[in-house]
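[1] whatever this is, show me its structure:
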Amino acid sequence: MKLIKGSKTPPLFQKLQLLLAPLNTLESYAKKYGDIFTMITAAGKVVMVSSPQALQEILTKDNNEYEAPGSKILQPFFGEYSMLSLEGDRHRRERKLLMPPFHGDRMRNYGQLICNITKEAASNLKVSETFIARKLMQEITMQVILQAVFGLYDSPRLSEIRSMLADFLELTASPLRASLLFFPALQKDLGPWSPWGKYKCQQQKLDELLYTEIATRRSQLDPNRTDILTLMLLARDEEGQGMTDQEIRDELITMLIAGHETTATALAWAVYWVHKQPEVYQKLMEELTTLEIDADPMTIFRLPYLTAVCQETLRIYPVAILTFPRRTKQSIELQGYSLETGTMIVGSIYLTHQREDLYPEPKKFKPERFLERQFSPYQYLPFGGGSRRCLGMALANFEMRLVLATLLSNFEMELAENQPVKPQRRGLTLGPKGGVKMLMKGKRILSQTKPPSVATV
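    Numbers count the residues shown, from 1 in each chain. Purely as a prediction, here's the structure:
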């Protein structure tokens with residue numbers, strides 16, 4: 001059996017490398033050690049894999065030879081009953097309860113809502129002024145979460161939850177502040193001015209709002225409502241048991257943070273790439289102009305080039321760069337390597353998406369690659385895979401395509417700066433550094449499909 005190689009760099013420095021320069025670190029390790037190597041992450045020592053064959057082996061044998069442990073690292077942030085923290089039977093029960101609200105058919109209920117929210121948010125931008133794309137997308141995805149997930153339209157708690165959540169997310173937004181996630185030793189409450197003390201204080205305030213909303217909705221439960229919170233309150237397991245207030249709170253926090261922030265980040269990258277490459281912009285606009293005014297959201301969702309643009313956006317810089325860890329339940333062989341019982345294995349989504357044998361010229365943004373061939377779930381996995389695949393995948397894909405199409409069909413924008421935008425850590429995920437500075441030129445004349453220019457700044 002072959003011996004898995006890995007860096008001899010001290011563990012602390014390996015963690016810092018992954019925190020501050022995750023993509024460069026992964027690429028340098030892969031270049032030196034190949035498709036499988038060991039490294040130190042926030043979860044401890046792991047075996048990192050990136051070949052589709054290894055990923056297929058791990059993800060198809062979930063709950064058999066491999067188990068997907070709940071994340072102890074994320075528990076202080078999402079709660080002990082979050083899908084991300086649970087494992088085994090508890091994880092399977094929770095996932096089964098939450099599957100129906102996120103089923104693809106349910107997404108139809110939210111299509112027009114997403115389009116309307118997008119138009120309203122972009123209409124508030126001033127013509128000839130610059131704006132940060134990620135902030136616009138955060139506003140849109142926040143409203144989608146609050147309305148589609150919570151069913152909050154004119155509730156007095158709507159603005160409170162929105163404001164509190166925005167402040168809460170900023171507490172781990174920069175690489176330095178994200179160190180709270182990577183180094184549990186820093187999670188000490190030394191008062192309201194300490195980073196962790198401030199985080200816990202904000203968390204408590206947000207919890208009070210969420211528990212109040214849950215209690216109110218329980219007392220006024222309306223089975224005719226279609227928002228996800230109502231569906232969670234109505235859900236029952238095989239024994240007829242519903243979800244507790246704490247279970248619902250933890251899943252709401254998970255959806256608010258994971259669903260809102262990740263989709264906003266992906267959309268910021270999408271508008272960047274579309275406006276950065278005139279030929280992509282031209283092809284996409286040609287496709288969008290074939291739509292009728294106020295086209296059905298499902299018609300928009302099925303547009304092939306729009307779909308390819310969103311898929312390529314999630315390929316080149318996936319918001320989540322690693323899968324959730326798997327742990328071997330017995331001694332096994334993986335690609336000629338012997339792994340002991342209890343070995344932690346992590347799939348590198350980023351490295352898989354950068355493979356030359358799968359994606360020629362992987363650093364180039366080329367939506368056409370998704371029109372020319374089909375990729376397996378182990379070659380393309382922006383939402384992870386197996387029993388830990390993102391539950392909100394259908395909503396995220398639906399939302400991403402509708403928001404991008406609605407923006408481009410109704411507004412003319414361009415990049416405010418010409419220099420390339422690089423990825424930077426934002427908490428658990430990666431986002432465009434600076435958020436992508438754009439210029440709003442105004443409402444679109446529908447016949448106008450010429451390639452965008454870059455503003456002079």
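[2] strands of this structure, residue ranges please.
    Taking DSSP state E as the criterion, the chain carries its strands at 36-41, 44-49, 66-67, 130-132, 326-328, 332-334, 337-339, 344-347, 411-415, 423-426, 429-432, 437-443.
[3] list the buried residues of the last one.
    In this case it means strand 437-443. Residues of strand 437-443 classed as buried: K437, M438, L439, M440 (neighbour count, 16 or more other C-beta atoms under 10 Å). To be clear about C-beta, it is placed using only N, CA and C from the backbone, and glycine gets the same treatment.
[4] just checking, what packs against it?
    strand 130-132, helix 133-144, strand 411-415 (3 or more C-beta pairs under 8 Å, 6 or more residues apart in numbering; DSSP states H and E).
[5] now, of these, which is deepest in the fold?
    Taking mean count of other C-beta atoms under 10 Å as the contact definition, the stretch among the helices and strands packed on strand 437-443 with the greatest mean neighbour count is helix 133-144, which reaches a mean of 24.
[6] who are the neighbours in contact with the closest residue to R369 other than its chain neighbours?
    Ranked by C-beta to C-beta, 6 or more residues apart in numbering and with sequence neighbours excluded, the top spatial neighbour of R369 is Y359, at 6.2 Å. Taking C-beta atoms under 8 Å, 6 or more residues apart in numbering as the definition of contact, the neighbours of Y359 are R315, H353, R369.
[7] nearest to Q374 among the buried residues of strand 437-443?
    Each of the buried residues of strand 437-443 was checked against Q374 using C-beta to C-beta; the closest is M438, at 33.0 Å.
[8] quick one: contacts of stretch 204-222?
    Residues beyond stretch 204-222 that count as contacts (C-beta under 8 Å, 6+ apart) turn out to be 150-152, 155, 157, 160-161, 164-165, 168, 229-230, 233-234, 245, 248-249, 252-253.
[9] tell me which residues in it are buried?
    Under the neighbour-count rule (16+ other C-beta under 10 Å), stretch 204-222 has L206, L210, E213, I214, R217 buried.
[10] now render these as a markdown table, adding distance to Y281 and pLDDT.
    Converted to a markdown table, the buried residues of stretch 204-222 look like this (distance: C-beta to C-beta, whole Å; pLDDT from 0 to 100):
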| residue | distance to Y281 | pLDDT |
| --- | --- | --- |
| L206 | 39 | 86 |
| L210 | 41 | 88 |
| E213 | 41 | 87 |
| I214 | 44 | 90 |
| R217 | 43 | 88 |
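[11] so where's the stretch 151-300 of the chain shaky on pLDDT?
    Using pLDDT under 70 as the threshold, the predicted model of the stretch 151-300 of the chain has low-confidence ranges 154-156, 169-182.
[12] still on that earlier bit, which one of the buried residues of strand 437-443 sits closest to Q187?
    Using C-beta to C-beta, K437 is the member of the buried residues of strand 437-443 that lies nearest Q187, at 33.8 Å.
[13] look up the closest residue to that closest one, ignoring the ones flanking it.
    A416 (4.2 Å).
[14] the one you found against K441, yeah?
    No. With contacts counted by C-beta atoms under 8 Å, A416 stays clear of K441, the gap being 10.8 Å.
[15] give me the phi and psi angles of N418.
    In terms of degrees, to the nearest 10, the main-chain angles of N418 are phi -100, psi -20.
[16] oh sorry, the question was meant for T290
    phi -80, psi -10.
[17] any figure for the gap between it and P367?
    In this structure, T290 and P367 are separated by 17 Å, where distance is defined by C-beta to C-beta, to the nearest Å.
[18] these two: which is more packed in?
    Here T290 and P367 are set side by side on neighbour count (other C-beta atoms under 10 Å), and the busier one is P367, at 24 against 9.
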